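K.L.:
predicted model, plus sequence, below.
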Amino acid sequence: MPTTWIVSADAGRARIFAESDPKQPYIEVEDMVSANARLRDADINTDRIGPTSAGQSIHNTGGATPNKQYQPAQTPEQHDAEFFARDICNYLLKSWQEQRFQKLELVAEPKFLGVLRGQLDNQLKPLVDLELNKDYSHFNAHQLREQLQAQKSKF
């Protein structure tokens with residue numbers, strides 16, 4: 001019987017469970033935590049003076065100042081989520097190449113599911129049997145199995 005790995009994740013934590021037999025409980029394979037999820041917000045985002053703060057000071061050279069309405073293309077939280085999703089996908093790819101699983105189920109918080117899907121290697125995409133946009137990352141193996149069975153029965 002093929003082994004299915006279930007990835008239950010949010011932007012800070014990913015738990016990977018294995019299911020070889022539907023009658024047996026899930027086995028936790030890996031518990032990954034984003035490095036920045038452990039940091040305080042003050043440690044990630046500093047109070048440094050921005051590039052427009054000295055616009056009218058004597059240090060201004062007369063050049064154009066950047067637009068104060070500037071919005072970065074990606075927030076620090078989105079950037080961290082992308083790197084964490086990349087780490088998860090690299091782990092999955094390596095494990096699949098080692099033939100540790102044959103099917104994949106992705107269960108993630110809605111925003112993070114899109115990030116995870118975007119980082120998934122093309123070799124892994126055909127293996128995805130289920131995508132569910134729910135945050136069950138803090139559920140134990142038994143609770144996760146119950147929730148997934150309830151969701152699958154709706155299909």
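P.N.:
Structure's in. What do you need? Residues are numbered from 1 along each chain as shown.

K.L.:
what's the separation between residue 96 and residue 121?
P.N.:
In this structure, residue 96 lies at 9 Å from residue 121, with C-beta to C-beta, to the nearest Å as the measure. Quick note: C-beta positions are derived from backbone N, CA and C, even for glycine.

K.L.:
among these two, which residue is more densely surrounded?
P.N.:
The neighbour count for residue 96 versus residue 121, taken as other C-beta atoms under 10 Å, is higher for residue 96 (17 against 13).

K.L.:
please name every helix or strand in contact with the strand or helix carrying the more buried one.
P.N.:
Of the helices and strands defined by DSSP states H and E, residue 96 is found in helix 76-97. In terms of contacts (3 or more C-beta pairs under 8 Å, 6 or more residues apart in numbering; DSSP states H and E), helix 76-97 is packed against strand 4-9, strand 13-19, strand 27-33, helix 110-119.

K.L.:
average pLDDT for the next helix or strand after that helix?
P.N.:
For helix 76-97, the succeeding helix or strand toward the C-terminus, using DSSP H and E, is strand 103-108. Strand 103-108 shows a mean pLDDT of 96 in the predicted model.

K.L.:
give me the residues contacting strand 103-108.
P.N.:
Contacting residues not belonging to strand 103-108 are listed as 2-10, 92, 113, 116-117, 124, 127-137, 144, 148 [C-beta atoms under 8 Å, 6 or more residues apart in numbering].

K.L.:
using ChimeraX, make a named selection holding only the buried ones among these.
P.N.:
Burial among the contacts of strand 103-108 is assessed by 16 or more other C-beta atoms under 10 Å; the matching ChimeraX selection reads:
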select :4,5,6,7,8,9,10,92,113,116,124,127,132,135,136,137,144,148
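
K.L.:
rewinding a little: turn the helices and strands packed on helix 76-97 into a markdown table, including distance to residue 73.
P.N.:
Converted to a markdown table, the helices and strands packed on helix 76-97 look like this (distance: least, C-beta to C-beta, whole Å):
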| stretch | distance to residue 73 |
| --- | --- |
| strand 4-9 | 23 |
| strand 13-19 | 25 |
| strand 27-33 | 26 |
| helix 110-119 | 14 |
